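# sequence-free structure coming up:
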Ligand code: GLY
């Protein structure tokens, strides 16, 4: 794809997001259905960071102040959860504070963004289990009971908060926890063929591995496509922060599996191991996350290998742009259609995190150099 092609998509994003700001108002968006309106799920939900994250990236890409003005207050809203007498926050503070507090501090030097980012990193570090060498995922399982031994593949993105905290404070403890967590995920969560598991269960007392669950994928043996994308992105990042070849190798292994498992139009179904794809929904969010990760992976490999990863990313993004976007529906608040939360919920909708990673990836193709996750 030519540079002009990606510049044109960036310009379309600028028009689309500008138009959407007023429609979004103060909403905390998660999903949009057929009516094209995002819900307002509440600021404790794990997706709160993504709309402000889109605004911050658009501010950085265009220099337009109205994006910054609309994004500015979000890390303050999130911070309130630290003093509420509830247990709403968990390992997803990474998804919440990286595209709000951390990006705000990175782009503007704002001291509140810095303080809130560190506050979130301390919270995440406190979830580290030193015997099992992992970051605890959620507080409770689907039955409402505490799950101190659960680790999920998505957390590979949340640990970016720990790498950031070590970088900006000079204290290596955060980074060491992140590396141990990545090693544990690599040992138990990534199969030989590069596919990934969603939920890993450990004995929180002894640290012993017990079993894995299908989680948002089809089954324990299946291959949830967004989980694969989280794993890919997380190991690319872990390599970026550590330069440890084991993590690069793991990222490549997941990338090869993801690319090989894609259907003809390069946008995955919600699980890579469905018995039949007939009637099954796609997950454009998995596609966008993986594309953004593949662009970074291409930066870490020798010249002869770059096309493998950058080419796959561009094919995915072109398909999303031409087959799955809402360009011809100006009042639709989302950018991408046909995303899927899991096999049982939020099926064939728009998901705000799909939009975030699409914006991020298109920005990378237009020269965006900051890395938040
Ligand atoms: N972090 C949850 C998900 O990917 O749906």
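Looks like it arrived, so ask away. Please read all numbers here as calculations on a predicted model, not as lab measurements. Residues are numbered from 1 along each chain as shown.
# show me the contacts for the nearest residue to residue 197 once chain neighbours are set aside.
Excluding the flanking residues, the one nearest residue 197 by C-beta to C-beta, 6 or more residues apart in numbering is residue 212, at 4.3 Å. Quick note: C-beta positions are derived from backbone N, CA and C, even for glycine. Applying C-beta atoms under 8 Å, 6 or more residues apart in numbering to residue 212 gives the contacts 188-189, 197-201, 220.
# Dihedrals phi and psi, the residue in the stretch 101-250 of the chain that the ligand sits nearest to?
Using C-beta to the nearest ligand atom, residue 154 is the residue of the stretch 101-250 of the chain that sits closest to the ligand, at 3.9 Å. Its backbone dihedrals place residue 154 at phi -60, psi -30, with angles given as degrees, to the nearest 10.
# re the thing from before, could you give the bridge partners of the residue nearest to residue 197?
Beta-bridge partners for residue 212, by DSSP bridges, are residue 200.
# For the stretch 201-350 of the chain, which segments are assigned as strands?
209-213, 350-351 (DSSP state E, counting those that start in this stretch).
# Tell me which of these is the most buried.
Across the strands of the stretch 201-350 of the chain, averaging neighbours per residue (mean count of other C-beta atoms under 10 Å) puts strand 350-351 on top, at a mean of 28.
# Kindly provide the distance from residue 274 to residue 213.
The spacing between residue 274 and residue 213, counted by C-beta to C-beta, to the nearest Å, is 18 Å.
# ugh, typo on my part, it should be residue 201
On the measure of C-beta to C-beta, residue 201 and residue 213 end up 7 Å apart.
# Save the strands of the stretch 201-350 of the chain as a markdown table, and put in mean pLDDT and distance to residue 254 too.
Formatted as a markdown table, those follow (pLDDT from 0 to 100; distance: least, C-beta to C-beta, whole Å):
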| stretch | mean pLDDT | distance to residue 254 |
| --- | --- | --- |
| strand 209-213 | 98 | 16 |
| strand 350-351 | 98 | 21 |
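# Output these in JSON lines, with distance to residue 140 appended to each entry.
Output for the strands of the stretch 201-350 of the chain, formatted as JSON lines (distance: least, C-beta to C-beta, whole Å):
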{"stretch": "strand 209-213", "distance to residue 140": "14"}
{"stretch": "strand 350-351", "distance to residue 140": "23"}
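# can you redo these as JSON lines with distance to the ligand?
Formatted as JSON lines, the strands of the stretch 201-350 of the chain follow (distance: least, C-beta to the nearest ligand atom, whole Å):
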{"stretch": "strand 209-213", "distance to the ligand": "14"}
{"stretch": "strand 350-351", "distance to the ligand": "8"}
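# What are the buried residues along stretch 86-97?
For stretch 86-97, a neighbour-count test (16 or more other C-beta atoms under 10 Å) marks 89-97 as buried.
# what's the span of that stretch, first residue to last?
18 Å (C-alpha to C-alpha, to the nearest Å).
# same thing with stretch 69-88?
27 Å.
# List the residues that contact the closest residue to residue 79 other than its chain neighbours.
Leaving aside its sequence neighbours, residue 79 sits nearest to residue 116 (C-beta to C-beta, 6+ apart; 5.0 Å). Counting by C-beta under 8 Å, 6+ apart, residue 116 makes contact with 75-76, 78-79, 97, 100-101.
# again, only using 10 Å
Shown in contact with residue 116 (C-beta atoms under 10 Å, 6 or more residues apart in numbering): 75-76, 78-79, 82, 96-97, 100-102, 104-105, 110.
# Now the buried members of those.
75, 78-79, 96-97, 100-102, 104-105, 110.
# I figured residue 280 hits residue 338, correct?
No - counting by C-beta atoms under 10 Å, residue 338 is not a contact partner of residue 280; they are 11.1 Å apart.
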